[in-house]
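*Asks:* following is a predicted model, sequence given first.
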Amino acid sequence: MNSPKLIDPRLELICAARHFYQQGWMVGTSGNLSVRLPDHSFWITASGQCKGELELGDFVRIYPNGTACPEGSRRVEKPSPDVKPSAETAIHQVLYALFPEATSCYHVHSVEANLVSRFVKGDTLPLPPLEMLKGLGVWEENPDCAMSIFDNHLQVSCIVDEIKERFRTIPPQLSALLIRDHGVTIWAPSAKTARNYIELVEYIFRYMVAARGVGVWGVGEERD
Ligand SMILES: CSCCC(=O)C(=O)COP(=O)(O)O
Ligand SMILES: [Zn+2]
């Protein structure tokens with residue numbers, strides 16, 4: 001009997017990135033995707049690559065000690081010395097550390113995510129009680145649900161510190177966070193779920209922007 005073929009997990013990231021790029025959520029090299037392997041290392045997109053045309057050589061494997069395996073060592077997982085891991089690798093790392101069940105972490109930049117991140121000044125964005133929330137694991141009637149927002153900082157380590165501090169004390173309602181004027185990041189137990197989560201949060205953001213445009217009351221406003 002033939003043993004099942006092992007599929008390279010980078011292929012799923014390549015397909016997901018192309019799809020998100022086509023939606024306009026990963027334009028101009030924006031965004032980054034990663035997948036965690038059973039040995040707790042993870043593949044992440046290389047920095048500054050066009051996300052619509054990734055190839056297997058456009059990924060860096062990060063090991064649990066936080067370093068990429070250097071060129072010349074026995075396990076060469078960095079295709080060439082000039083290929084650098086995503087500038088936001090540390091965000092993926094902290095999310096994998098905080099949420100051990102996560103095996104995929106996706107980050108995209110959409111216009112709508114940036115708009116809704118300005119709907120509130122505080123650090124949570126109330127979400128409308130849409131049916132779509134069920135896809136994000138919220139199975140309640142008329143749910144009172146909010147997404148965590150973090151300020152954007154030039155130093156990614158500042159964003160990471162804030163995520164660590166807040167989520168250690170207040171676990172998020174959703175497997176998603178929004179960085180203001182930047183984009184959304186989700187984490188999930190599988191690549192399929194991760195792709196769904198991105199589509200769902202982006203749908204919700206689109207709805208919120210559209211609802212504001214037609215004057216639907218209360219959408220994205222802070223509650224008392
Ligand atoms: C033009 S996007 C600016 C950087 C960023 O926010 C991003 O998501 C992409 O960075 P990377 O290093 O992963 O290419
Ligand atoms: Zn980004």
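*Replies:* All right, it came through fine. Ligands and ions are numbered 1, 2, ... in the order given.
*Asks:* from now on I want contacts and neighbour counts done on CA atoms only, so please keep to that.
*Replies:* OK.
*Asks:* A helix includes Ser148, no?
*Replies:* No - read with DSSP: H, G, I helix; E, B strand; the rest coil, Ser148 is strand and lies in no helix.
*Asks:* that one pairs with what?
*Replies:* Ser148 forms beta bridges with Thr124, Leu177, as assigned by DSSP bridges.
*Asks:* pLDDT value on it, please?
*Replies:* Note on Ser148: pLDDT of 98.
*Asks:* surely it meets Pro172?
*Replies:* Yes - between Ser148 and Pro172 there is a contact under CA atoms under 8 Å: 6.8 Å.
*Asks:* which residues sit against the lengthiest helix in the chain?
*Replies:* Ranked by residue count and defined by DSSP state H, the top helix of the chain is helix 191-213. Residues outside helix 191-213 that contact it (CA atoms under 8 Å, 6 or more residues apart in numbering): 12-13, 16, 35, 103-106, 110, 112-113, 115-116, 127-128, 130, 132-133, 135-136, 186-188, 217, 219-220.
*Asks:* and the pLDDT for Leu98?
*Replies:* Value for Leu98, per-residue pLDDT: 98.
*Asks:* now do Glu173 against Gly137, distance only.
*Replies:* Careful, residue 173 is Gln; it's not Glu. 9 Å (CA to CA, to the nearest Å).
*Asks:* the more surrounded of these two?
*Replies:* Taking neighbours as other CA atoms under 10 Å, Gln173 and Gly137 compare with Gln173 leading, 15 against 12.
*Asks:* mind checking pLDDT for the more buried one?
*Replies:* At Gln173, the model reports a pLDDT of 98.
*Asks:* next: Glu71.
*Replies:* We have a pLDDT of 51 for Glu71.
*Asks:* where does the prediction get shaky in this structure?
*Replies:* Across the chain, the ranges flagged by pLDDT under 70 are 1-5, 69-78, 222-224.
*Asks:* spell out which parts of the protein neighbour ligand 1.
*Replies:* Residues of the chain found near ligand 1 (CA under 6 Å from any ligand atom) are Gly28, Thr29, Ser30, Gly31, Asn32, Ser47, Gly48, Gln49, Ser86, Ala87, Glu88.
*Asks:* quick one, helices of this protein?
*Replies:* Using DSSP H, helices in the chain cover 9-23, 89-98, 111-116, 156-169, 191-213.
*Asks:* which of Ser148 and Pro172 has more neighbours?
*Replies:* More neighbours surround Ser148 than the other of Ser148 and Pro172, with 23 against 15 (other CA under 10 Å).
*Asks:* can you pull the contacts of that one?
*Replies:* Ser148 makes contacts with Asp123, Thr124, Leu125, Pro172, Ala176, Leu177, Leu178, as judged by CA under 8 Å, 6+ apart.
*Asks:* before we move on, back to that, just the buried members of the contacts of helix 191-213?
*Replies:* Buried members of these, counted by 16 or more other CA atoms under 10 Å: 12-13, 16, 35, 103-106, 110, 112-113, 115-116, 127-128, 132-133, 136, 186-188, 219-220.
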